[in-house]
Structures are given as C-alpha cells and as structure tokens.
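# got a predicted model here, sequence first, then my questions.
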Amino acid sequence: MRLFALPLLALLFATPASAQTLERIKDTSQMNIGYRADAAPLSFAQADGQPAGYSPLVCVGVAQAIAKSLQLPDLKVSFIPIDTDDRFEKVASGDIDMLCGAATITLERRQTVDFSVPIYVDGTSVLLPKTMGSNFEDLAGKKIGVRSNTTTLTVLEASLKQANIEAEVVKFTDHNAGFDAIKAAEIDAYFADQSILMYEFFTQKLQEQFQQPSPILTLEKQGLALPRGDADFRLAVDTALSEMFNNGAMEQLFKQAFPGVKPGQAVQAMYLMSPTLP
C-alpha cells in the first residue's frame, strides 16, 4: 500500500541517504516493513488487516523521512505481518527492510540484526486471577502461560530457576491464545510485556476477574530491527527518529497510541536521551 496519511507526521527531515538498503529503496521505489500483528498497543493488525499501533506509526514517520531524503514522492511502503519465530531472520535475509514491533534490544539479537535508537521502554509483567496471591512465590506448582520466542519467555524461565520455583510453563504461538487460556482458567498466570497486558486488561474489561501487580521483572529498551552492518541505513533511521524526538512528534504518537496514558519516567527519559542533532 502507499504510505498512509498522518497529518502529524507531514514533516521534512534532513536524513542521509546512501548505502545498500537505501540504494535499493531508491532503485525500486519500494520499502518493505515488517510488523507484529498481535502486540497491541505497540503493534497489531486491525480488523481490515491494516497495521496499527505505536511502532507502525513510528515507522511511517521514518519512511516519510527516507522518502523525502531520497526525493521519492511516490515511494510505496508494504507493511508485512511477521511472526516471532523468524522475524529477525527476515530482516537479515532482506525480506523486510525494517521491523516494527515489540522488539527488545539484546546483544544476542544483535548477532543477527542491528537496532535503531530505542523508541519505547517496556517491562515484563503478569496477569493473575484476583483469587491468586500476587507474590512471585505463589506461582509454585501453577501453570504459567507465555508467548514463545520472546525475551519474556527467557526472563520468566530464568526467574523461576533463580527463585527455585517449580511450575509448568505453557508456551503460546500468539497472545490471543494466551489470553483465551487464562480467561478459560486453563492456565493460572500469563506473562507478557506490561504494555500488552495493560491494553488487554482495560480493553477487554478484565478488572473484575484479574489483577496486574505493579512490580515488573525487567526494564527493556525496544527499537526497530535493521539489517546488520548497513551503517548508513541505520544512520538514516536514527536521524529521522532523533528529529521526531526533537520536534515532539514521538510524544504525539505516544498520545495517539496510548490515549489517556501518561508516559512513565523511563519513557520520558528516553525523550531526553535521543541522539543530538547537528
């Protein structure tokens, strides 16, 4: 599809434009962006199949910046739904130019892809029935759900091992299946990014049956996954993001994706720590 319109992001960016990915985009007038279809409110597919959420909105701004710098007013942008199983491999293989979604920046993942500067800060949290204790030790002997192939799974397994807690970890291929399972009492707890749990907690009106304890297990910086070793493309993306941080566009996108939610201290700090523009 063509770049969908966002009046907020009708901005002019001075973005560098050279190197492998940028040259291919210029030659083909095509940019392919992968996105998570089940990670609302950060990244998800609407009922009509169109991408939505904070990360796709950010990627629209980046794509607009690159189109401006390459003088491509007719740049075509395809948003492609990506599964967690091979999302980074698709970036590395060139199937997609950039991954927009709830992707935590880790050193292990950087063996496969590069990342932009952080665009969001999240953390691992849990959804529990109100009838269950909220201490981590209360998970002993319980069935715990989690999305497969995520940092949340890694953190959960490590935390259970460190606390010497025996529990059955049930892995789901998507968050919807996990939420269905806990609502049907097939599992006793469900771990995911705090933003994803909060979105489901309020949109599905789960307050009467479930609780979401305040403490989080991790503090995770999330970024846009990019082809490894393509420094100029990464610089172009980071320059666009820095301009969006600098001119207030990122704060406006946060308000659009999280209506009525005030950015936490970690997100506010991220606004201040974006790279300095010349």
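Perfect, I can see it now.

# I'd like to know how far the residue nearest to residue 58 when sequence neighbours are not counted sits from residue 240.
Nearest residue to residue 58, sequence neighbours excluded (Cβ to Cβ, 6 or more residues apart in numbering): residue 119, at 5.4 Å. C-beta here means a position set from N, CA and C on the backbone, and glycine is covered the same way. Distance, residue 119 to residue 240, by Cβ to Cβ, to the nearest Å: 11 Å.

# could you do residue 135 as well?
44 Å.

# ditto for residue 32
17 Å.

# next, count neighbours for residue 258.
18 (other Cβ atoms under 10 Å).

# so what's it closest to, chain neighbours aside?
residue 41 is the one closest to residue 258 (Cβ to Cβ, 6+ apart), at 6.2 Å.

# rewinding a little: neighbour count for residue 135 and residue 240, which is higher?
When residue 135 and residue 240 are compared for neighbours, residue 240 comes out ahead with 27 against 10, by other Cβ under 10 Å.

# pLDDT at the residue lying closest to that one once chain neighbours are set aside, what is it?
Excluding the flanking residues, the one nearest residue 240 by Cβ to Cβ, 6+ apart is residue 65, at 3.5 Å. On pLDDT, residue 65 comes in at 96.

# same check on residue 176?
pLDDT at residue 176 comes out at 89.

# report the distance from the helix or strand encompassing it to the chain centre.
Following DSSP states H and E, one finds residue 176 within helix 175-183. Remark: helix 175-183 is offset 19 Å from the chain centroid, using Cα atoms, centre = their mean, to the nearest Å.

# the helix or strand just after it vs helix 175-183, what angle?
Once helix 175-183 ends, the next helix or strand along the chain (criterion: DSSP H and E) is strand 189-193. Interaxial angle of strand 189-193 relative to helix 175-183 (axes from the mean of the first three to the mean of the last three Cα atoms, to 10 degrees): 150 degrees.

# could I get the average pLDDT for strand 189-193?
For strand 189-193, the per-residue pLDDT averages 93.

# CA atoms only for it, dumped as CSV, please.
What follows is strand 189-193, C-alpha atoms only, in CSV (Å, rounded to 0.1, in the frame of the first residue of the first chain):
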residue,chain,number,x,y,z
ALA,A,189,-1.0,-16.7,35.1
TYR,A,190,0.1,-15.1,31.9
PHE,A,191,3.4,-13.2,31.4
ALA,A,192,3.9,-10.6,28.7
ASP,A,193,5.1,-7.0,28.1
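
# strand partners of it, parallel vs antiparallel please.
strand 124-129 (antiparallel), strand 143-147 (parallel) (DSSP bridges).

# hmm, who's touching that strand?
Strand 189-193 has contacts (Cβ atoms under 8 Å, 6 or more residues apart in numbering) with 39, 42, 102, 122-128, 132, 139, 142-147, 152, 156, 175, 178-179, 181-182, 197, 217, 220.

# report the buried residues of that strand.
189, 190, 191, 192, 193 (16 or more other Cβ atoms under 10 Å).

# if I look at the fourth one, how far off is residue 175?
Meaning residue 192. 6 Å.

# find residues that contact each of these two.
Shared contacts of residue 192 and residue 175, counting by Cβ under 8 Å, 6+ apart, come down to residue 147.

# need the helices for this structure, in chain order.
Counting by DSSP state H, the chain has helices at residues 20-28, 54-69, 87-93, 151-162, 175-183, 194-203, 231-246, 249-257, 265-272.

# for residue 108, find the nearest of those helices.
Among those, the nearest to residue 108 by Cβ to Cβ is helix 151-162 (9.0 Å).

# what's the mean pLDDT across the closest one?
Mean predicted lDDT for helix 151-162 stands at 92.

# helices and strands around it, which ones?
Secondary-structure packing of helix 151-162 (3 or more Cβ pairs under 8 Å, 6 or more residues apart in numbering; DSSP states H and E): strand 124-129, strand 143-147, strand 168-172, strand 189-193.

# any idea which of the ones you listed gets closest to residue 55?
That would be strand 189-193 among those, by Cβ to Cβ, at 11.9 Å.

# so the nearest residue to residue 153 once chain neighbours are set aside bridges to which residues?
Leaving aside its chain neighbours, residue 153 sits nearest to residue 146 (4.9 Å; criterion: Cβ to Cβ, 6+ apart). Residues in a beta bridge with residue 146, per DSSP bridges, are residue 171, residue 191.
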